[in-house]
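Colleague: Need a 3D model of the sequence below.
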Amino acid sequence: MSIVARICAGPLCAALALWGCAVGPDFLRPAAPAGEHYTADPLPVQTASAPVAGGAAQRFVVDRDIPGEWWALFRSPALDALIKEALAANPNLAAAEAALRQARELRRAGEGAFFPLVQGGFNASRNKTPTGALTPAASTNNPYYNLFTGQLGVSYAPDVFGGTRRAVEGLLAEEEAQRFQLEAADLTLTSGLVAAAVGEAALRDQIAATEEIIRVQRESLDILRRQKSLGQAAGADVAAQEAALAQAEATLPPLHKQLAQQRDLIAVLAGRLPSDQPAATFELAALRLPQELPVSLPSQLVEQRPDIRAAEATLHAASAAIGVATANMLPQISLTGTYGSSALMIGGLFGPGTAFWALAGGATQTLFDGGTLLHKKRAADAAFDQAAAQYKATVLAAFQNVADTLEALKADAEGLAAAERAAAAAKTSLDIAQRQLALGAVTYLALLNAEQTYQQAIVNRVQAQAARFADTAALFQALGGGWWNRPNPETANNE
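Modeller: As a prediction, the model looks like this:
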């Protein structure tokens, strides 16, 4: 990856023209990375599958575009409504929109330097002439007189060396950076809400699975107590089952705490107080796993990731700052003009003999400043090098993000398939152990082991299901979120 810049030649010749070449580097966008793949190994045609909610096989579709409202692919009306509410009410998003408006107005303010500055003024004064030293100014020989002056002043600094153009170029780049920071905030919000909804759904399923385990263990305890009354089970077995039941019951409060905190997070992301939670709730069975996953070409990722585009705009602003620092080292040219009128009576303004005017032009060149301007130029060069390195780091991190997500999609699909097989096998083993215990064919220890194995298998399966939904949302986020396919008044109407 290379950062390319051209230096505008001939600053001395530019000084001879009113609109000459702008000094400093002309920014060229960094070239896209040459790699053709995100991962070291080729992607499979599709992932593994499992006969459970969220277990469908997912196909990787190269160069498939991402819809602007990608979260709709989960086919959850509740999720769609929640995200719509959050986009309208989230304060972080509102702050990013305000920052974009601020950057836009600052850019427009900077463009005002291209035009002359015209100022009008009016002064009125009451005066007394020192008659002991001067003749009264008024023709009436009255030492007291009024003086009214109205004038119009025009000043203009020709952009001979392009310093103003570079300054506005930098402001435009800063506006662009803020625009993509807004897109990043939008993407962070929507992907965060999807992840929060998936997290809530996973917790609800874990709670349901734990409650089922508690029910099974209570049934086992009832069996052991009956067997003890018949002399077929020892008191130690009953006590051990009571302890196992208590341990299972102890896992419920932490899950309820996590669920409550997840609901608080969802409420705040939606712009609500935690006490004012949305009515909608989420379960994994109500979500649909998108079966076709878009995989943008690596060369497109630098166009689609908001963080990369923001880093590129920051690099552009740093490039323009070099031009501003260079122009400050060259002669500063100014043109001024004044036209006005002075009269002893306000009604006489602009009458015969009251007009005055002045035209002036000047050029100022710094001859010695202790190296201040030179070191500012070198500082601007260093800032550009820093921005270039940060841009490259952002690109590398983005590619790693996509690669990690693709690897997670493959591995977690296989993990869910394995977790489902383990859960099915554990359930079969537990059913057999319960029947055998009722017949006195196995010891309590065998049943306890089967219960513990099944409990862990259910939790593992729920976590694996949630991971697949979370991985899918993470992929859409890693690929940029499809903002280019979503109309946004704040970013589209930026002129």
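Colleague: for stretch 41-57, what is the average pLDDT?
Modeller: On average, the pLDDT along stretch 41-57 is 90.
Colleague: typo on my end, stretch 84-101
Modeller: For stretch 84-101, the mean confidence score works out to 96.
Colleague: Near residue 227, how many other residues are there?
Modeller: Residues near residue 227, counting by other CB atoms under 10 Å, number 18. Every residue, glycine included, has its C-beta placed from N, CA and C.
Colleague: Do I have it right that it meets residue 233?
Modeller: Yes: the criterion here is CB atoms under 8 Å, and residue 227 meets it with residue 233 at 3.7 Å.
Colleague: overlap in contacts of these two?
Modeller: Between them, residue 227 and residue 233 have no joint contacts when contacts are counted by CB atoms under 8 Å, 6 or more residues apart in numbering.
Colleague: element containing the spatially most central residue of the chain, please.
Modeller: Nearest to the centroid of the C-alpha atoms of the chain, with distances taken as CA atoms, centre = their mean, sits residue 184, at 2.3 Å. When secondary structure is defined using DSSP states H and E, the element that contains residue 184 is helix 163-229.
Colleague: Pull out the buried residues from stretch 249-269.
Modeller: Neighbour-count burial for stretch 249-269 flags 255, 258-259, 262-269 (criterion: 16 or more other CB atoms under 10 Å).
Colleague: ugh, typo on my part, it should be stretch 406-425
Modeller: In stretch 406-425, the ones that count as buried by 16+ other CB under 10 Å are 406-410, 412-413, 415-417, 419-420, 422-423.
Colleague: What backbone torsions are found at residue 142?
Modeller: Geometry field for residue 142 lists phi and psi as phi -80, psi 120, criterion degrees, to the nearest 10.
Colleague: Report how many residues lie close to it.
Modeller: Here the count is done by other CB under 10 Å, and residue 142 has 12 residues near it.
Colleague: Who's the closest spatial neighbour of it, skipping the chain neighbours?
Modeller: Leaving aside its sequence neighbours, residue 142 sits nearest to residue 136 (CB to CB, 6 or more residues apart in numbering; 6.1 Å).
Colleague: Report how many residues lie close to the one you found.
Modeller: Neighbours of residue 136 (other CB under 10 Å): 15.
Colleague: Distance check, it against residue 145.
Modeller: 7 Å (CB to CB, to the nearest Å).
Colleague: What of residue 75?
Modeller: Following CB to CB, the distance that separates residue 75 from residue 145 is 87 Å.
Colleague: So for these two, which sits in the more crowded spot?
Modeller: Of the pair residue 75 and residue 145, residue 145 is the one with more neighbours under other CB under 10 Å, namely 17 against 13.
Colleague: thinking again about what came up before, quickly list what's touching both of residue 136 and residue 145.
Modeller: What both residue 136 and residue 145 touch, as defined by CB under 8 Å, 6+ apart, is the set residue 129.
Colleague: In strands, which of the buried residues of stretch 249-269 fall?
Modeller: Taking DSSP state E, every one of the buried residues of stretch 249-269 sits outside strands.
Colleague: Tell me the backbone dihedrals of the nearest residue to residue 118 once chain neighbours are set aside, please.
Modeller: The shortest distance from residue 118 to any residue that is not its chain neighbour, by CB to CB, 6+ apart, is 5.3 Å, and that residue is residue 154. Comment: the main-chain dihedrals of residue 154 come out as phi -130, psi 130, following degrees, to the nearest 10.
Colleague: Would you check that my belief about residue 154 contacting residue 336 is correct?
Modeller: Yes: taking contact to mean CB under 8 Å, the distance of 6.9 Å between residue 154 and residue 336 places them in contact.
Colleague: rewinding a little: relative to residue 341, how far out is the residue nearest to the centre of the chain?
Modeller: Taking CB to CB as the measure, residue 184 falls 57 Å from residue 341.
Colleague: for residue 428, same thing?
Modeller: If you measure residue 428 against residue 341 using CB to CB, the figure is 105 Å.
Colleague: In terms of neighbours, single out the busier of the two.
Modeller: residue 341 (18 against 12).
Colleague: So that one, which state does it fall into?
Modeller: When the structure is reduced to helix, strand and coil (DSSP: H, G, I helix; E, B strand; the rest coil), residue 341 reads as strand.
Colleague: Contacts only, for it.
Modeller: Contacts were defined as CB under 8 Å, 6+ apart; by that measure residue 341 touches 149-151, 349-351, 354-356.
Colleague: Make JSON lines out of those residues and add secondary structure, neighbour count and distance to residue 463.
Modeller: Output for the contacts of residue 341, formatted as JSON lines (DSSP: H, G, I helix; E, B strand; the rest coil; neighbours: other CB atoms under 10 Å; distance: CB to CB, whole Å):
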{"residue": "149", "secondary structure": "strand", "neighbour count": "16", "distance to residue 463": "82"}
{"residue": "150", "secondary structure": "strand", "neighbour count": "18", "distance to residue 463": "80"}
{"residue": "151", "secondary structure": "strand", "neighbour count": "17", "distance to residue 463": "79"}
{"residue": "349", "secondary structure": "coil", "neighbour count": "17", "distance to residue 463": "85"}
{"residue": "350", "secondary structure": "coil", "neighbour count": "12", "distance to residue 463": "86"}
{"residue": "351", "secondary structure": "coil", "neighbour count": "11", "distance to residue 463": "91"}
{"residue": "354", "secondary structure": "coil", "neighbour count": "16", "distance to residue 463": "89"}
{"residue": "355", "secondary structure": "strand", "neighbour count": "12", "distance to residue 463": "87"}
{"residue": "356", "secondary structure": "strand", "neighbour count": "11", "distance to residue 463": "85"}
